[in-house]
Every structure is written in C-alpha cells, then in structure tokens.
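> Predicted coordinates and the sequence they were generated for:
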There are 4 protein chains.
Amino acid sequence: MPLIAQPINCSLKADAKAPSSTDVMIGLLGEAFSKVDVRLAPTVRIAGCNVLPGVSSDEGKGDDWPGIRAKILAADILIFGTPIWMGQPSSVAKRVLERMDAFLDETDEAGRMPSYSKVAICAVVGNEDGAHNTCAQVFQALNDVGWTIPAVGGCYWVGEAMGDVDFKDLDATPRKVTKTAKMVAANAAHLARLLKAEPFPG
Amino acid sequence: MPLIAQPINCSLKADAKAPSSTDVMIGLLGEAFSKVDVRLAPTVRIAGCNVLPGVSSDEGKGDDWPGIRAKILAADILIFGTPIWMGQPSSVAKRVLERMDAFLDETDEAGRMPSYSKVAICAVVGNEDGAHNTCAQVFQALNDVGWTIPAVGGCYWVGEAMGDVDFKDLDATPRKVTKTAKMVAANAAHLARLLKAEPFPG
Amino acid sequence: MPLIAQPINCSLKADAKAPSSTDVMIGLLGEAFSKVDVRLAPTVRIAGCNVLPGVSSDEGKGDDWPGIRAKILAADILIFGTPIWMGQPSSVAKRVLERMDAFLDETDEAGRMPSYSKVAICAVVGNEDGAHNTCAQVFQALNDVGWTIPAVGGCYWVGEAMGDVDFKDLDATPRKVTKTAKMVAANAAHLARLLKAEPFPG
Amino acid sequence: MPLIAQPINCSLKADAKAPSSTDVMIGLLGEAFSKVDVRLAPTVRIAGCNVLPGVSSDEGKGDDWPGIRAKILAADILIFGTPIWMGQPSSVAKRVLERMDAFLDETDEAGRMPSYSKVAICAVVGNEDGAHNTCAQVFQALNDVGWTIPAVGGCYWVGEAMGDVDFKDLDATPRKVTKTAKMVAANAAHLARLLKAEPFPG
C-alpha cells in the first residue's frame, strides 16, 4: 500500500501559481518519494489560505486551519516546506506550528497526540544562510507536538553569504541536493511505513 | 528632551482590550522608562492590525504596516513585546521582523538603514521556557536590519517547566523581574540618548 | 531481547561523583526505560574524560572520544544529557556534537552513517529557561549526523525565570516531568526496537 | 585617543600558526577598524589556551581564563570570532561564553557588570550555512552578560549549501563581505567611543 505525504508550502506569497523555490524543493522531494512508493498529495500553499492566529484547532468563522489540519493528519508524512527570511523560518511557518500546539490537549486514552506515529521532514530554501536554524526551530516545535523526525530529516539549499539567487532560478539542481532529497525521502518513507504498521503504544 | 519608546505587542490575540501578559510586561517597562525620562507611545497590538505577509515596506491595499512602520521609526526606542509559543517568538512577531527586512534596501547615502541609531529591547512572556531563544531570534533579526541592542536588552518572565500560569495572573511581580525592567529601561534610555545626539556616521 | 541505552552527561563538572541535576534526570529516564525493557549502560561523564576538540573520530594521543564513540554506537538509544547555561546547551555538549560531525564521512556502501537506525533523546536541566532551545540545537545537530528523534524526544526541567534552584534539590519530582519521562522512554524504546529489526535501507 | 579591540578566535585548532578562516575574517575587520582609529590587540587563539570548563572567573590551577578575561575587559570592543560547526558556534566559543556567566555576579555598586559600556561584534565563517544562528546564539549570550551590540554587529561568510570551500581559500574576498566589515567596524567604533565617554549609569 502506498503511503501519502502531505506537503505544505509556507512561502509568504499567497498565489500558488506564482513560482516558488519552496515548491521546487518540494517537487524534488516528490520525485524521490515516488521512487519509494510514496504519493504526494497536492501542496497546500498556506499563505493562500486563511489560517487564523491562535493555538486551538478551530479559531472559528473563516478559519481554514481545520481543513488543512485534516489533510495533514490524513497523510503519513508531513513535508514542511518553508523559505528562510532573516535566517529563520517564515511567519507563515510559525503560524502553522502554533496551530499544532493544540495537539498537546488532543491526546487519546493512551496519551498520544494526533501526530503520533507520523513522520515529518523539512524542505528549506533561501538566498543565503539559515537552513540549519530553520530546521532546528521547526524540528523542535514539531517534535514537541508529537512528530517523529527520521535520520537526516532536512533537505535544503541556500546560496553563498549575502547572495540573492533563488533556488528556482538555478541552471541545474546541485548534485548534493538531489542526493540529499533521495536520502531524506527514503528515510522518511521507511520510518513512516514502520510506524504505520506498528504505531507508538503511548 | 524626553525620548519616545514605541511598544508593539505581538500577542496572537487581536483585541487590544483583552488582557495580555505581554501588555503587563510592557507596562512594567513603561513605569521604569518614565523614571528615566522616556515616554511610551500607545502600544500597537499587531494582531489587531492587518499586517500583510511580505518583505517590502508596503504590500499594497489594506496593508497596515506602513502606518506602524512610521510610528516605529518616529520613536527612539522599540519595545518589541512578544509571547512565547513552543519556545519561540510568535508568528506575529516574525511577521513584523519580516516587514523590517525591507530596511536593507532603504539605506541613505551613507549606507544607513532607517533603524540606525535607534535602540531595540525585548519584552517576553510565556507560561514556561523559551525566553532566551525568543530574545536570540528577535535580537539577531533586529540587529541584521540595523537596530542596536543595549546591554541586558531583554526583560522576560516564564514559569516553571510545563507550567500554565500567565504573567498577568501572578499575585505579585517577582522582584527580579522588576529589577531587570529598571536596568533594561535605564540602559536603553542612556544608549538611545547617546545615539540620538551622535548618530552612527555610516 | 532488551535494548541498550547509553546516557552521556555533558555537565561542566568533571567529577562523576559530584551530584548532578543532569544525572538525576537521566536516572528518572532510566526508571522509565527499565519498564519498557531497556537497560541503561553506565553514564559517561564527558567532562571527566579527555574529549579533544576537533571533527574527526580520533584526534590522536590522549583522545578519549574513540572509546566513548564506541560505547554510543554499541547502544540502540542515546540519552543526550546536558545542563543549560545561558539558555543554551553546554560547551561540553557542543564538543560531543562536533565529534559526531565525522559520521558524515563514515557512511557505508548504502550511504548510511554509523548512527543510522539509532534513536536519540534529550535530558535537559537548568535553573531557568532554555530547554526548548537546547533541544532545538541538539536535535538539529544530531539529526544532521544521522540520529532519529522519536515523538516527544525531550525530557526537561527548568525553574521559574531567573531562578536558582537545581533539579537535584527539588523536594519532589514534578508529576509532569515524571509523566514526560515515561512517554519519552516508551517512544524511544518502541522506535529503537522497530529500527533495530528493520534498519534504514539507505 | 584610539580605542582597542580584542579579537578572540574560537577555532577548534589550537595552533595559532595554523591558517584559520576565522583569523582571515578578523584580519579583514582589523583593516576596517584601523581606518576608524581602532587598534587590534593580538588575537587570542582560545583552543591554544587552557580555558577550564566552569562558570566562575577563575577555575583554579592551570586555568588560562583569568588572563584572557583581563585582556577582554581591558579593551573597548570584543571581536568574537568563531567558526561554524553543524550550523552552530563552536564548542570553544561556548566555553568562552560560559566563563562570562560569572559577570552576572560581579556587578559594581550601580549594578553594572564588568562588560557594561563595552561593545561586542561577531566574526563568523563556515563552509556553508549557520551564520545567522551563530550570531543569534552568541549575541543573546553576550547581551545577557552585559555586552552592547551595535547596529549590524555580525560580519560573516559561508559558502553555498553543503559546500566545502574555506573562506581562507577564496581567490578574492567577496565585495559584500568587505563592505559589511567596514560597516561593522565603523558602527562598533562609533558606539564604543560614545559609551567610553559616557558609560551606562547603571
């Protein structure tokens, strides 16, 4: 049975048709995932939805989070895609993490959050610097609310210091990035398969 | 001549009348600032404004950032108030930082960003843990875009690990917090005064 | 077959007989691990060993890292224990992480680092604040070099802001900490067991 | 009267004669400082000294920190040079920061730490990624213990993602790095001069 990975794109741009380096990185992971029998659901462009500020699972009228939350929890793997701004994950990425804070109070009788036995990875792009910190902030927050992080859970690209080239505008994908994407996808798929067959007992 | 400090509150709550621990911390700093001849402008509750995602100084129709930006740059000191969520600054705080990214391209003929010769401090509150990381992320981003950070630039309170008490609900303000607020305000005022009289030459 | 967890204590104190809050937290996890059929190897007090600065697996004469490295890799689970100083992991913790940087070049024919298919968790203590950032920095670095982080991989305690009480001197262990220790141990044990039976294919 | 800047190099390599990218960055800042009438004291290669683990100002027999501490506090500006490992400041850098924790208890009658009215900047180099996080961790820790951070307090270089070129081996210094070094030095010199003439009152 194929697994499902749900990508989210935390670009600051709302228009899902606008070219996005984060989308390019998600696409690269998608190719790698397809080789290990994992199917990608359509990417959710968060900035194009109305994700209200808050730390509950439903902030009321007009809140698009409940639908996004359902998609994320229907999948086996979360591909958390975010650009880097100022060396840090985007405000849109932070908004998503905050909404997952509610998982802490949504445990089942065995004390398990809805994210338990699911795997999360990061897809990170920036003009320059900040990928490690972005992964650090995202992994810590996701792990706090129940996600498991497979070996080498981050696939990233950044240019040289103070550069301004976008990943989407590179002539070719650097070989190291392609290689990393394959490893990240293979690890995530393996781990998600194990945990789906034998979930955390709590 | 009295200096002006502009507080912003990056709470996730939009209603500026809703009680906010961040407001309480800003108020504490306000008392300390009043003793060193610094007047606080009215706090801007960011979540109650429409600060559009982006990294320019004006993201177009409906964007409240240009007005907030003007207030911030009219003051001598920025009091950057944010709650902690998941050990990190709020998504609203990140939104504000991203909008300041535009300062990098708004330099004058001497290469100085609009934030040059202004001082920024942090006011941070949370139920538990995360104040140091919040200051780290905020100071790094603010400093990147031209703000100067005075000695001991962060005033914070958090409760014991995994606690759930709010700063606003404490019976009394811990003496160490009051003492820190005084020091933070005194340092910020002194530095802002020096830099106002003799700005960075660029 | 019982699994083995190897704890390391990154206290700044060299004397393994000196009382250490990090040791107390490791002990708490040890009790929890014993209930899920995981045996703890004796804790390595890193500051009491001569771990030379560097990023290779053997920095030559007098270097104690090769022996510690062997112990860590002989186990199924790494309990990475560190105190918090200035809101961050200790310099001793950073030294250990740096020595694991060598894993990047020690891959097998399938591209797997020696840490692959092993699980790492954090045991963190401090007088006040910094647990989330400590987990963030440690998880990111460990994950970069091949460790897998189970859901809720950090067990921590810190006191109220600017406090000075040590975890080892508390009258009783806070119930939430004991509960978290149980969950962290159960998750780590489950995941390590799955990955031992079916390692990452690379 | 010329100011004095004290550079420290937190490379993992003990031999101060071994070529070091961090030294190259410090040298670049040195040139920029010389143009704003700031003289650099000889760089202290921390790994070549015996800086004992601990959080006091003198950890006893064989501890080289008291001498280094005296040099740092005799200067007006601290140039905190560190390489990046795993996206983070080096363990040697962390050791230095921890030793400054003692400043918290070494206040004068006005509550001022020995670092008050002194300015700190960062000189950061790495093969790839991590400069912003390194600045974040270092600035937060330094600021906690009394250092003031001037506008644009970090000068850094890193290569493209997953690269392995050293700053010291570049054919030419990137123009943006040279430009940043000039700005960092000019800002630090201006601020240090103001604070030397009119120290924080406490």
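Yes, it's here.
> Which of the three states applies to the one residue sitting closest to the centre of chain A?
Nearest to the mean C-alpha position of chain A, counting by C-alpha atoms, centre = their mean, stands A:Phe80 at 0.8 Å. Classification of A:Phe80 by DSSP: H, G, I helix; E, B strand; the rest coil places it in strand.
> Hmm, A:Ala120 and it touching each other?
Yes: with contact defined as C-beta atoms under 8 Å, A:Phe80 reaches A:Ala120; the gap is 5.8 Å. For glycine as for every other residue, the C-beta is placed from the backbone atoms N, C-alpha and C.
> How about the residues of chain A by chain D?
A:86-88, A:128-133, A:136, A:156-162, A:174, A:176-177, A:180 (C-beta under 8 Å from any C-beta of the partner chain).
> among those, which are in reach of chain B?
When the residues of chain A next to chain D are checked against chain B using C-beta under 8 Å from any C-beta, the ones in range are A:Met86, A:Gly87, A:Gln88.
> looking at those, which has the most residues close by?
A:Gln88 (29 neighbours; other C-beta atoms under 10 Å in any protein chain shown).
> can you give me the helices for chain A?
Using DSSP state H, the helices of chain A run over A:21-34, A:65-74, A:91-100, A:131-144, A:175-197.
> mind checking which of those is nearest A:Asp166?
helix A:21-34 (4.9 Å; C-beta to C-beta).
> The closest one to helix A:91-100, inter-axis angle?
Angle of helix A:21-34 versus helix A:91-100, following axes from the mean of the first three to the mean of the last three C-alpha atoms, to 10 degrees, is 60 degrees.
> Show me what helix A:21-34 is packed against.
Counting contacts by 3 or more C-beta pairs under 8 Å, 6 or more residues apart in numbering or on different chains; DSSP states H and E, helix A:21-34 is packed against strand A:3-9, strand A:38-40, strand A:77-85, strand A:119-128, strand A:154-159, helix A:175-197.
> send the alpha carbons of it over as PDB?
The C-alpha trace of helix A:21-34 is given here as PDB (Å, rounded to 0.1, in the frame of the first residue of the first chain):
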ATOM      1  CA  SER A  21      11.600  28.000  -4.700                       C
ATOM      2  CA  THR A  22      10.000  26.100  -1.900                       C
ATOM      3  CA  ASP A  23       7.700  24.400  -4.400                       C
ATOM      4  CA  VAL A  24      10.700  23.400  -6.500                       C
ATOM      5  CA  MET A  25      12.300  21.800  -3.400                       C
ATOM      6  CA  ILE A  26       9.000  20.000  -2.600                       C
ATOM      7  CA  GLY A  27       8.900  18.800  -6.200                       C
ATOM      8  CA  LEU A  28      12.400  17.400  -5.900                       C
ATOM      9  CA  LEU A  29      11.400  15.500  -2.800                       C
ATOM     10  CA  GLY A  30       8.300  14.400  -4.700                       C
ATOM     11  CA  GLU A  31      10.400  12.700  -7.400                       C
ATOM     12  CA  ALA A  32      12.400  11.000  -4.700                       C
ATOM     13  CA  PHE A  33       9.300   9.900  -2.800                       C
ATOM     14  CA  SER A  34       7.700   8.500  -6.000                       C
END
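> Let me see the mean pLDDT of that helix.
Mean per-residue pLDDT for helix A:21-34: 98.
> buried sites along it?
Neighbour-count burial for helix A:21-34, with 16 or more other C-beta atoms under 10 Å in any protein chain shown as criterion, is recorded at A:Ser21, A:Thr22, A:Asp23, A:Val24, A:Met25, A:Ile26, A:Gly27, A:Leu28, A:Leu29, A:Gly30, A:Ala32, A:Phe33.
> do the same with stretch A:54-69
Applying a neighbour-count criterion of 16+ other C-beta under 10 Å, the buried positions in stretch A:54-69 are A:Gly54, A:Val55, A:Ser57, A:Glu59, A:Asp63, A:Trp65, A:Ile68, A:Arg69.
> mind checking how far the closest residue to A:Leu97 other than its chain neighbours is from chain D?
Of all residues not flanking A:Leu97 in the chain, A:Ala141 sits nearest, at 4.3 Å (C-beta to C-beta, 6 or more residues apart in numbering or on different chains). Using C-beta to the nearest C-beta, to the nearest Å, A:Ala141 is found at 15 Å from chain D.
> Same check on A:Lys61?
From A:Lys61 over to chain D (counting by C-beta to the nearest C-beta), the distance is 38 Å.
> Can you tell me which residues in chain A are near chain C?
Within chain A, the residues that sit near chain C (C-beta under 8 Å from any C-beta) are A:111, A:113, A:115-117, A:132-133, A:135-137, A:139-140, A:143-144, A:146-154, A:183, A:186-187, A:190-191, A:194-195, A:198, A:200-202.
> re earlier: what is the burial count for the residue nearest to A:Leu97?
By other C-beta under 10 Å, the residues close to A:Ala141 number 25.
> got the contact list for it?
A:Ala141 makes contact with A:Leu97, A:Met100, B:Met86, B:Gly87, B:Gln88, according to C-beta atoms under 8 Å, 6 or more residues apart in numbering or on different chains.
> try A:Ala189
Counting by C-beta under 8 Å, 6+ apart, A:Ala189 touches A:Leu3, A:Phe33, A:Val36, A:Asp37, A:Val38, A:Ile77.
> next one: A:Leu28
Under the criterion of C-beta under 8 Å, 6+ apart, the contact list for A:Leu28 reads A:Cys155, A:Thr173, A:Val177, A:Thr178, A:Ala181.
> Skipping adjacent residues, who's closest to the third one in space?
Across the structure, with C-beta to C-beta, 6+ apart as the measure, the residue nearest A:Val177 apart from its sequence neighbours is A:Trp157 (5.2 Å).
> Would you mind measuring from that neighbour to chain B?
19 Å.
> which residues does that residue form a beta bridge with?
For A:Trp157, the beta-bridge partners are A:Val125 (DSSP bridges).
> That one against A:Thr178, yeah?
No: when contacts are counted by C-beta under 8 Å, A:Trp157 is not listed as touching A:Thr178 (10.4 Å).
> the more surrounded of these two?
More neighbours surround A:Trp157 than the other of A:Trp157 and A:Thr178, with 28 against 14 (other C-beta under 10 Å).
> Can you give me every residue that contacts the more buried one?
Counting by C-beta under 8 Å, 6+ apart, A:Trp157 makes contact with A:Ser21, A:Met25, A:Val124, A:Val125, A:Gly126, A:Ala131, A:Phe167, A:Pro174, A:Val177, D:Glu160, D:Ala161.
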